[in-house]
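Participant: Predicted model and sequence below, questions to follow.
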Amino acid sequence: MTAAGWLAAVARRGGAARLDEQRRVCVRPARALTPALRADFPALHVALVAALGEPALVAALGQLASDPAPERPGATLLDALDVFPGARVVADGQPPVWPPPGGWIPSPGQRVDHYTADPVVVPCPWCASVTWHQAGDGWTCSACHPPPRTPQQEVTR
């Protein structure tokens, strides 16, 4: 990709690139930069600084940005941001996994055997608590069914 092609791609996505006082390339809005454009930036940095220093090239790119964009199949992230103003991107380029790393979902595949001699070690299928107590011949969840309290003895005066 060339510097002119990179700037045109940013302009087609509704962005504008300029040089600041320290001759750094600034792009606004930041959502105009795709992961591919971000990846190409380091290799094109010097050429972009030179290109942005030429007003004729910048004016030509502005005209290119006003041309209709080619048809894109399906919705994009920019389409979603247009539909939901105020929404923000919290992750980019992450694989879609559920639950997120560190997350936990109780699995219905873990069966609870309430009548074992040893205490139950799997989470409760209803509340995910792991505290159990003996109730009659088996074990019951202490969060769903708290153990009964013994009546307190009356204090005599």
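Facilitator: Nice, thanks for sending it over. Numbers count the residues shown, from 1 in each chain.
Participant: In this protein, where is pLDDT below threshold?
Facilitator: Along the chain, segments meeting pLDDT under 70 span 54-77, 91-96, 98-101, 104-110, 150-157.
Participant: now the helices: where do they sit in it?
Facilitator: Ranges of helices in the chain, per DSSP state H, are 3-12, 35-52, 55-66, 77-83.
Participant: Compare those helices and give me the one nearest Gly103.
Facilitator: Closest to Gly103 of these is helix 77-83 (Cβ to Cβ; 23.5 Å). The way it works is simple: take the backbone N, C-alpha and C, and place the C-beta from them, glycine included.
Participant: Now do the domain split for the protein, please.
Facilitator: Here the domain parsing of the chain from automatic domain parsing is 3-70, 109-145.
Participant: For those, give me JSON lines that also has distance to Val83.
Facilitator: Formatted as JSON lines, the domains of the chain follow (distance: least, Cβ to Cβ, whole Å):
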{"stretch": "domain 3-70", "distance to Val83": "14"}
{"stretch": "domain 109-145", "distance to Val83": "36"}
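Participant: Mind putting those domains into TSV with mean neighbour count?
Facilitator: Below are these laid out as TSV (neighbours: other Cβ atoms under 10 Å):
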stretch	mean neighbour count
domain 3-70	14
domain 109-145	13
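Participant: And those: which comes nearest Gly86?
Facilitator: Short answer: domain 3-70, nearest of these by Cβ to Cβ, at 12.9 Å.
Participant: sorry, back to before: now the helices of the chain in CSV, with distance to Pro146?
Facilitator: Conversion of the helices of the chain to CSV gives the following (distance: least, Cβ to Cβ, whole Å):
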stretch, distance to Pro146
helix 3-12, 62
helix 35-52, 52
helix 55-66, 66
helix 77-83, 46
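Participant: Arg24 is nearest to which of these?
Facilitator: In terms of Cβ to Cβ, the element of the helices of the chain nearest to Arg24 is helix 35-52, at 8.3 Å.
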